[in-house]
Each structure stands twice: as C-alpha cells, then as structure tokens.
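# Got a predicted structure here, sequence first:
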Protein chains: 2
Amino acid sequence: MDQINIEKSPRVGIAEALALAIHEHRLAPGTKLGEDDLGEIFGVSRTVVRAALQKLAHDRLVELKRNRGAFVAKPSVREAREVFEARALVEPPTARAAAERATAEDIAALEKHIDAEHAAIEAGNAGAALYLSGLFHLEIARIADQTTIAAFIDQLIARSSLIIALYWQRRNALCESHAHHELLKAMADHDGDRAEELMTSHLVDLHTSLDLRNTQTAPRSLREALEV
Amino acid sequence: MDQINIEKSPRVGIAEALALAIHEHRLAPGTKLGEDDLGEIFGVSRTVVRAALQKLAHDRLVELKRNRGAFVAKPSVREAREVFEARALVEPPTARAAAERATAEDIAALEKHIDAEHAAIEAGNAGAALYLSGLFHLEIARIADQTTIAAFIDQLIARSSLIIALYWQRRNALCESHAHHELLKAMADHDGDRAEELMTSHLVDLHTSLDLRNTQTAPRSLREALEV
DNA sequence: GTCGCAACAATTGTATACAATTCGGTCGAC
DNA sequence: GTCGACCGAATTGTATACAATTGTTGCGAC
C-alpha cells in the first residue's frame, strides 16, 4: 500500500491515482484497500475515499464486498475472456474509423505515445510501458471521435491490465510494440482496411499470450480458493 | 420529484428506483435531483443518496455539476448519435451470438418480455412499454452470455431512453414491437445471420425515428441555450 | 433605469461520530 | 483433542454536523 508516495497530492483525484497504480501493476490484484489507510495516505477523510472506491468499483477495477471492504479486482478467466472478446468486437472497427479520420496532429500524438512507450521499456519500467501501451489504444478511440465507445474501451483496457497481471504468460519483454508501429503506419496511410485487420490480429496476439487454461486464479490460500 | 411514490422502500436501491423512473420517462431530462429532497423521499441520509447519484452519473444518466447538484442528464445530439452508433456496432453481433446459443427457456423468456410489452401498450403505459422494450434488448445480450458487453448495452439502453425522451419524433404508438417479434422468430430458428441483420435494421429504424437535426436541444430559455 | 457590488440563503463538499457487521481468537463442552 | 460458541477488536455502513461554494436578491451609485 505504501508504494504510493503521493502525500497530500494537490489536485489529482485519488481515484485516478489508484487507477494509475493498478495500471502500472504497483497494486496487485487482491490487495486490500482499507478506507482508513487510503484516507491517511492521501490526507483526506473516508468520505472522499469511499467515493473514489465506488467509482473504481463501477469500472470493475476494485471489488466491493459488503461489510468487508474494497479489494483490487481479480478478474476470473471467464471475465478475462469476455473482456478480450469485447475488445475484439469493438476496437477493430474503431481503428478503421480512426484511420479514415486521422489528421497529421493525430498521427504525431500517436508517435509520441509510441516513443514514450519505448522510453519506458528502455528504462526497464514495465509497468509504465504497459500503461502507455493501453493509452495508445485509447488514443485511437479518441481519434475515431467516439467518446462513448472510447469510454468503454478505456474500461476494457484498465481491466486488461488486471488480466495481464494475473494471466500474463510470456516472461520476455513486450514484443508487441512492433504491432503498434504497424498500426501507426496504416493510420498514417489512412488505410482503414489494414488498420482494422492489424488491430484484430494484435488483439488476438494479446489474447493468446495469456494463460487462461486454469479455471482458478492460482489462489495463495485455501480461503481464497473456496471463498465465494 | 414527488411522482416517485416509493416511501421507505424495503430493499430496492434508490439508484435502481431513480433509473427506473428515468427509463419510464417519469423523470424528465434536466430535472434537478436535490440530495435533501431525495433523502427525505427515500427515508435515508444524504450519504446514501450521494452514492446513488454518483453511480447514476457514472452511467451517464445524471449529470453532476460541482457545487450545483445532480440533474437528469440531457444528452446532446452528438451524444445521441454516438450512443446509437455504439449500439449499431455492438448489438447486431450480440444478437447473432444469442441466436446461435438460445435455448428453449431463453426463447420463452423473450416471449414473456414481448407479452409484457404488449400489455403495457394496451394499458396505455407508454413509459413502461419503453422500459420493457429496452429489457428485450438487454435480455438478448444476456442470452449471448457476454456479461461485459451486456453491461455496456445496458448503459446504452438507459441513455437511449433519455435520448428518446428528448428527440422522439413520431407521436404515434410504438410501431416497433413487430421488429421484436421478427427477432424472436429468428432466434427461435437459430438463424444468426437473420438475427444480426434484423437487429441492424431495427436500430437504424430507431435512430432515424429521432429528430437529430437541431444542433441544440431545443432550449426553453436563453440561459439553457448559452450554458456550457 | 441600468449596472455593479455585496450580503444572504440554499445547496453541495468534507469531516467526524456512531451503529452494524464481520473476522479472529479464546474459552468451554463433549 | 477437536468442534462449537461466544466475545472483542477492527472495519465498514450510515447519519449528522460543519465548511465552502454558488446563485440570487436587494441596495446603492452612476
């Protein structure tokens, strides 16, 4: 819990801070998020902490158990499958629309994202790289000019981060940044067909790089294995 | 506000009660939802009212203006377009999946929904009919066994209800229940192609039955016309 | 008469106090 | 020795009190 070194942060919401920590894998799935603890860390009362936790719970990033507290969510394999199926359904058409609409500034913004992603990988900060990788997808949705779908994708990306934390198989570095490069190229060429196709295969790659065979999420204790 | 006749309701969340009221057009877009008022109506303190309002705000059913309060959302024409574009993207494939998976019980459940919808129309309760019409779509997502997408569709349906309240053009009765019948038939036949196709045209019909020409949401006062 | 300013009323934002529930441990019975 | 129940600490759920912000209304100056 104490890896969050934000004390009395000026004006960044604590929900955003927690979401970022989850994105970057600094908060592991299953971590208990006590209201008093968070309140002390952020220098606010439980009231505002609860509001943040409820927001995160609605985004399925934390699980709220009645009278038990908030925990970083641990998506089941079924949930993991559903999330990636949803992404496979929504993101390719969005990438197509983005490719057809993208302006020069949009392309530049995407390039900046990829650069930042590479920088994070160079720096050995895998968590930040993962987060920036997600931002790349979100930026595409933004370019497509569909804020409603973008919000949905945002949620799916956040949950994907949890899923990756739980089920990531390949221990080698993120080999997918190449896919982002290709996507960028397709969008720069306004090639909607190729962008859609690339996004589809990119998501398939991501999905198949997970180990979703186990029906249970490797419980560390008997209690976890049997809890409802 | 006082058209909500639920006083000290035993165990139905007040967020659900408000959502239902919005669904059924008993709460018009723009209606102010004062915390004290709601607290008194439901017999709870502002604490729980605020939690409910935040949940509804996250679903885009109410708009939270800082230090000003909560209001039933008034989707812009752009938002309306986006919502129906999102539905057009997501629902047809879902209908296909549902058609391929539907069991006899699923078909029976859908029939029950249609019957209830007809009964509401007979009774002249247009609000309830609209709500049940939405439930039909949600049930299809449930049959498709995609809870993540179902949750998204749920949100889109709820927002559609607001959009219909604002932009509905045809003053005659809901002529669309025929479309639901056809969809039901396609699903009973496990005809995925036809189900997807029917859903697409059904959503197009719905979309085109709206009046989204005006760039502004028919403001009743200069204040509304100029407010950000 | 209109514009600007100021004080007020009303409502939300936040903190704190209290009640309710759960979990863990310990004692006791079999 | 094991199982069960009771009790206590800890944490969440809810209510209430207080602070801060906003919109309005009234007064006064130009």
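Everything's here; your move.
# When you work out contacts or count neighbours from here on, use the C-alpha atoms and nothing else.
OK.
# Tell me where chain A has strands.
Counting by DSSP state E, chain A has strands at residues A:32-33, A:62-65, A:69-72.
# Please identify which of those is closest to B:Phe136.
Taking C-alpha to C-alpha as the measure, the strands of chain A were each checked against B:Phe136, and strand A:62-65 came out nearest at 28.5 Å.
# count of neighbours near the closest residue in space to A:Leu61 that isn't next to it in sequence?
Distances taken as C-alpha to C-alpha, 6 or more residues apart in numbering or on different chains put A:Ala73 closest to A:Leu61, at 5.3 Å, once the chain neighbours are dropped. A:Ala73 has 22 neighbours, counted by other C-alpha atoms under 10 Å in any protein chain shown.
# Check the one 3 residues further on too.
Look at A:Ser76: counted by other C-alpha under 10 Å, it has 17 neighbours.
# Give me the phi and psi angles of it.
A:Ser76 adopts backbone torsions of phi -70, psi 170, taken as degrees, to the nearest 10.
# in stretch A:64-83, what counts as buried?
Counting neighbours by 16 or more other C-alpha atoms under 10 Å in any protein chain shown, one finds that the buried residues in stretch A:64-83 are A:64, A:70-77, A:79-83.
# Likewise for stretch A:116-125?
Neighbour-count burial for stretch A:116-125, with 16+ other C-alpha under 10 Å as criterion, is recorded at A:116-118, A:120-121.
# Could you list which residues are in contact with A:Thr94?
The contact partners of A:Thr94, by C-alpha atoms under 8 Å, 6 or more residues apart in numbering or on different chains, come to A:140-141, A:144, A:196.
# run the last query once more with 10 Å
Applying C-alpha atoms under 10 Å, 6 or more residues apart in numbering or on different chains, one finds that A:Thr94 lies in contact with A:100, A:137, A:140-146, A:149-150, A:153, A:192, A:195-196, A:199, B:89.
# Equivalent analysis for A:Val49, please.
Contacts for A:Val49 (C-alpha under 10 Å, 6+ apart) come out as A:13-15, A:33-40, A:42-43, A:55.
# Try it again at 7 Å.
Listed by C-alpha atoms under 7 Å, 6 or more residues apart in numbering or on different chains, the contact set of A:Val49 reads A:35, A:38-39.
# A:Arg101 too?
Shown here is A:Arg101, whose contacts under the criterion C-alpha under 7 Å, 6+ apart are A:Ala144.
# got it, and A:Arg46?
Contact criterion C-alpha under 7 Å, 6+ apart gives A:35-36, A:39 as the residues in contact with A:Arg46.
# and which of these is nearest DNA strand D?
Among those, A:Glu35 lies closest to DNA strand D (C-alpha to the nearest atom of the strand), at 4.2 Å.
# Make CSV out of the strands of chain A and add distance to B:Ala128 and mean pLDDT.
As requested, the strands of chain A are exported to CSV (distance: least, C-alpha to C-alpha, whole Å; pLDDT from 0 to 100):
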stretch, distance to B:Ala128, mean pLDDT
strand A:32-33, 40, 96
strand A:62-65, 32, 96
strand A:69-72, 36, 96
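# Would you tell me which of those gets closest to chain B?
Nearest of these to chain B, taken as C-alpha to the nearest C-alpha: strand A:62-65 at 13.3 Å.
# Against which helices or strands is the closest one packed?
helix A:46-58, strand A:69-72 (3 or more C-alpha pairs under 7 Å, 6 or more residues apart in numbering or on different chains; DSSP states H and E).
# Please identify which of the ones you listed is closest to DNA strand D.
Among the helices and strands packed on strand A:62-65, strand A:69-72 comes nearest to DNA strand D, with 3.3 Å by C-alpha to the nearest atom of the strand.
# Identify the spatial nearest neighbour of the residue nearest the centre of chain A, chain neighbours not counted.
For chain A, the residue sitting closest to the mean C-alpha position, by C-alpha atoms, centre = their mean, is A:Ala158 at 2.7 Å. The shortest distance from A:Ala158 to any non-neighbouring residue, by C-alpha to C-alpha, 6+ apart, is to A:His23 (6.4 Å).
# any idea of the pLDDT on the one you found?
Per-residue confidence for A:His23 comes out at a pLDDT of 95.
# what does A:Val12 give?
Per-residue confidence (pLDDT) for A:Val12: 74.
# got the contact list for it?
Counting by C-alpha under 7 Å, 6+ apart, A:Val12 touches no other residue.
# Flag every residue of chain A that's near chain B.
If contacts are counted using C-alpha under 7 Å from any C-alpha of the partner chain, the residues of chain A sitting beside chain B are A:82-83, A:86, A:146, A:148-149.
# Those: which two are farthest apart?
A:Glu82 and A:Gln146 (21.7 Å).
# Buried ones among the contacts of A:Val49?
The neighbour-count test (16+ other C-alpha under 10 Å) applied to the contacts of A:Val49 identifies A:35, A:38-39 as buried.
# Quick check: helices, which of the residues you listed are part of them?
Counting by DSSP state H, the members of the buried ones among the contacts of A:Val49 that fall within helices are A:35, A:38-39.
# now, which of those sits nearest A:Arg50?
When those are compared for distance to A:Arg50, the smallest value, 6.9 Å, is given by A:Glu35; criterion: C-alpha to C-alpha.
# who touches that closest one in this structure?
Shown in contact with A:Glu35 (C-alpha under 7 Å, 6+ apart): A:46, A:49-50.
# For chain B, see how far away it is.
Here A:Glu35 is placed at a distance of 16 Å from chain B (C-alpha to the nearest C-alpha, to the nearest Å).
# how far does stretch A:179-197 sit from the chain's center?
Distance of stretch A:179-197 from its chain centroid, counting by C-alpha atoms, centre = their mean, to the nearest Å, is 22 Å.
# ugh, typo on my part, it should be stretch A:112-130
Here the centre of stretch A:112-130 is set off from its chain's centre by 15 Å, with C-alpha atoms, centre = their mean.
# got the contact list for that stretch?
Applying C-alpha under 7 Å, 6+ apart, the contact partners of stretch A:112-130 are A:24-25, A:132-133, A:136.
# hmm, who's touching stretch A:71-84?
Contacts to stretch A:71-84, defined as C-alpha under 7 Å, 6+ apart, come from residues A:28-33, A:60-64, A:156, A:163, A:207, A:212, A:215, A:217, B:146, B:148.
# at 6 Å instead, please
Applying C-alpha atoms under 6 Å, 6 or more residues apart in numbering or on different chains, the set of residues contacting stretch A:71-84 from outside is A:29-33, A:61-63, A:212.
# any chance of the residues you listed in a markdown table, with neighbour count and distance to B:Ala186 too?
Putting the contacts of stretch A:71-84 into a markdown table (neighbours: other C-alpha atoms under 10 Å in any protein chain shown; distance: C-alpha to C-alpha, whole Å) gives the following:
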| residue | neighbour count | distance to B:Ala186 |
| --- | --- | --- |
| A:Pro29 | 20 | 42 |
| A:Gly30 | 15 | 43 |
| A:Thr31 | 14 | 46 |
| A:Lys32 | 18 | 47 |
| A:Leu33 | 20 | 47 |
| A:Leu61 | 28 | 37 |
| A:Val62 | 28 | 39 |
| A:Glu63 | 23 | 38 |
| A:Leu212 | 20 | 33 |
